[in-house]
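Chemist: Sequence and predicted structure, then a few things I'm wondering about:
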Amino acid sequence: MAVAHAAYVVGPVPDDPSKRGVPAGRPLSASADGFGGRAGDFDGDGRDDVASFTRGKGGDVYVARSTGTRFDGIGDLWSDEFAFWSQTPLAGDFDGDGRSDVAAFARGGKPTVSVALSTGRSFGPTTVWATSFAPDTDIPAVGDVNGDGKDDVVAFRRGSTPTVSVALSTGRSFRAATAWHRWFAPGTSIPAVGDVNGDRRADLVAFARGRSASVWVALSTGSAFRGATRWNAWFAENGASPAVGDVNGDRRADVVAFRRGEVTVALSTGRSFTRTAAPWLRSWAEGEAVPGVGDFDGDGRDDVAAFTRGGLADVYVARSTGSAFVASAERWHEYFAAATEIPQPGVFW
Ligand SMILES: [Ca+2]
Ligand SMILES: [Ca+2]
Ligand SMILES: [Ca+2]
Ligand SMILES: [Ca+2]
């Protein structure tokens, strides 16, 4: 069913669709158990690339590298032993060598975190970097919270005891988890990580959505997160899919809302997100397409992507001008992240 273009079957063909974690029919839900991650620069050339994870029993990972105007190749296999079954895959540079790597979170009762480091052409062996991080239904995220150049991992507990745990990267493993915040992203708030004040330390962001639609931030001190403050009173309302990225290139991460057709932005001032969300793009990631954020042309401003998945498996990019996103007329890839594969970047809320 996933094979609409027979010529591209050598690409990411699913192994066992029944074992995918995110149902094709509803990749984005307003409720329980999603996640979001940004793009990675897997070959370290300064332009963000895209990855796709088959998960299931296959554990294949495909990468298509950005040329600045498209994603190349037919989906090159970078690993065949990563993010099995319903593990959560995210990208980050965990050893700080300038090439993005991948992490997979098993969660549940055996919450291991596995990492495969990029060689620039493929991912190396899958190695367990933590054995007790992000248990149960904790939401994992990636960011360099202490500003040492190596991405760390963050786990959000949410619910009625919304704790935020951090495990710092040593470059070869993650240290023991410690609590960096004891009240952040309560209930079903959508958590995210990004450096919103431009001090090189990744901060916490939480989107309340629904009918309150506040956006909360807790800044990193390098060893903990400060108290949560409200940075915007009305953003990503109702069921919009929120993300974090520096879309105007001032080194402060902004907030982006994918409203299933319209993309709005609230820029960071360093102390808040601009009060009125501005529409940056109309007609984007409609229906069930998966949106994502990354700097695909390498100009320092984050762009947006949309993955149609399914049998079409098209990938579109709209580049940031600093004040709007401009969609390219051409697809950036014609067959990538097919069926219910999980693309990164990708926002699954
Ligand atoms: Ca790396
Ligand atoms: Ca770090
Ligand atoms: Ca910061
Ligand atoms: Ca910015």
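Modeler: Perfect, thanks for sending it. Residues are numbered from 1 along each chain as shown. Ligands and ions are numbered 1, 2, ... in the order given.
Chemist: Number of residues surrounding residue 197?
Modeler: For residue 197, the neighbour count with other C-beta atoms under 10 Å is 17. Every C-beta, even on glycine, is put in place using the N, C-alpha and C of the backbone.
Chemist: can you check residue 312 too?
Modeler: Neighbour count for residue 312, taken as other C-beta under 10 Å: 16.
Chemist: shouldn't residue 228 be in contact with residue 184?
Modeler: Yes. Using C-beta atoms under 8 Å as the test, residue 228 is close enough to residue 184 to be in contact (5.4 Å).
Chemist: Mind listing the shared neighbours of these two?
Modeler: Shared contacts of residue 228 and residue 184, defined by C-beta atoms under 8 Å, 6 or more residues apart in numbering, comprise 204, 206, 216, 218.
Chemist: what about residue 228 and residue 184, which has more around it?
Modeler: Taking other C-beta under 10 Å, residue 228 and residue 184 do not tie; residue 184 has more neighbours (23 against 19).
Chemist: And the more buried one, its phi and psi?
Modeler: Phi and psi for residue 184, reported as degrees, to the nearest 10, are phi -150, psi 140.
Chemist: My guess is it contacts residue 219. True?
Modeler: No. Using C-beta under 8 Å, residue 184 is not in contact with residue 219; the gap is 11.4 Å.
Chemist: Name the residues contacting each of the two.
Modeler: With C-beta under 8 Å, 6+ apart, residue 184 and residue 219 have common neighbours residue 225.
Chemist: Which of the shared contacts of residue 228 and residue 184 fall within strands?
Modeler: Members of the shared contacts of residue 228 and residue 184 lying in strands (criterion: DSSP state E): 204, 206, 216, 218.
Chemist: mind listing the strands for the stretch 101-250 of the chain?
Modeler: 101-105, 113-116, 127-130, 139-143, 152-156, 164-167, 178-181, 190-194, 203-207, 215-218, 229-232, 241-245 (DSSP state E, counting those that start in this stretch).
Chemist: What residues sit buried inside stretch 323-333?
Modeler: 325, 327, 331-333 (16 or more other C-beta atoms under 10 Å).
Chemist: Could you give the secondary structure assignment for residue 304?
Modeler: strand (DSSP: H, G, I helix; E, B strand; the rest coil).
Chemist: Quick check: closest non-adjacent residue to it.
Modeler: residue 318 (5.1 Å; C-beta to C-beta, 6 or more residues apart in numbering).
Chemist: contacting residues for that neighbour?
Modeler: Contacts for residue 318 (C-beta under 8 Å, 6+ apart) come out as 263, 281, 284, 303-306, 325-328.
Chemist: again, only using 10 Å
Modeler: Residues counted as contacts of residue 318 (C-beta atoms under 10 Å, 6 or more residues apart in numbering) are 263, 280-281, 283-285, 291, 296, 303-306, 324-328, 332.
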